[in-house]
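> Would you be able to build a 3D model of this:
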Amino acid sequence: MSGFPPPGFRLELLDRSHRRRQFSSGDRRVDEWLQRKALPAIEKHTSTTRVLLHDDVIAGYYTLANTALDVSLIPPELLGGKPATRPAPTVTVAWLGVDERFRGHGLGTQLFARSLSDCVRAWQLVRFVTVMVDALTEQNHAFYRAHGFTPVPETTHKLYLPSSTLLDII
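A predicted model of the protein is given here:
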């Protein structure tokens with residue numbers, strides 16, 4: 001992805017040296033994930049979190065996780081029109097946040113695009129059916145819908161983007 005990170009910023013894998021407690025997105029859930037849960041998840045090999053740094057300040061972050069979609073939630077069109085018989089492999093953009101001090105500069109959109117670019121690189125190595133997101137707010141839901149994500153039937157917050165669509169847009 002050209003032009004990312006922006007000048008004066010760098011993208012790194014989260015580690016203990018990053019000052020997580022200073023991060024404040026305005027959403028307690030997003031802050032708590034980064035501050036308390038992201039490192040333990042990395043250590044358990046259940047997700048990967050990348051932080052966007054300006055000097056040594058975390059300006060934003062995103063978390064990717066390998067997941068599997070419950071067979072009862074899988075739209076048949078994701079599997080060539082055939083009903084699912086087992087959980088389908090997916091990648092979830094599990095968390096994404098921008099510190100309030102860095103809002104209004106498009107960093108959230110850039111981090112989201114970078115997370116999808118990472119998904120494409122992962123797809124080239126290990127196939128998956130779709131990219132999943134959990135929209136925590138109506139604003140998030142509208143953002144993901146505007147970027148081609150479709151609500152998962154019978155859920156309120158889950159949306160998906162088929163891997164075939166992902167490959168077309170990135």
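> now for the longest helix anywhere in the chain, which elements pack on it?
Identified as the longest helix of the chain according to DSSP state H is helix 107-125. Applying 3 or more CB pairs under 8 Å, 6 or more residues apart in numbering; DSSP states H and E, one finds that helix 107-125 contacts strand 48-54, strand 57-69, strand 88-98, helix 163-169. (C-beta placed from N, C-alpha, C; glycine too.)
> Neighbouring strands - and their directions - for the second one?
In the sheet, strand 57-69 lines up against strand 48-54 (antiparallel), strand 88-98 (antiparallel) (DSSP bridges).
> about what we covered before: quick one: which of the helices and strands packed on helix 107-125 is nearest residue 133?
strand 88-98 (5.0 Å; CB to CB).
> rewinding a little: most neighbours per residue, which of the strands paired with strand 57-69?
Across these, averaging neighbours per residue (mean count of other CB atoms under 10 Å) puts strand 88-98 on top, at a mean of 22.
> So which residue of the protein lies furthest out from the middle?
Most distant from the centre of the chain: residue 82, at 27.4 Å, with distances by CA atoms, centre = their mean.
> Between strand 57-69 and the longest helix of the chain, find me the angle.
Here helix 107-125 runs at 40 degrees with respect to strand 57-69, directions being taken by axes from the mean of the first three to the mean of the last three CA atoms, to 10 degrees.
> quick one: average confidence on helix 107-125?
Averaging pLDDT along helix 107-125 yields 96.
> Could you list every helix and strand that the helix or strand following it packs against?
In the C-terminal direction, the helix or strand that comes right after helix 107-125 (DSSP states H and E) is strand 130-134. Secondary-structure packing of strand 130-134 (3+ CB pairs under 8 Å, 6+ apart): strand 57-69, strand 88-98, strand 158-162, helix 163-169.
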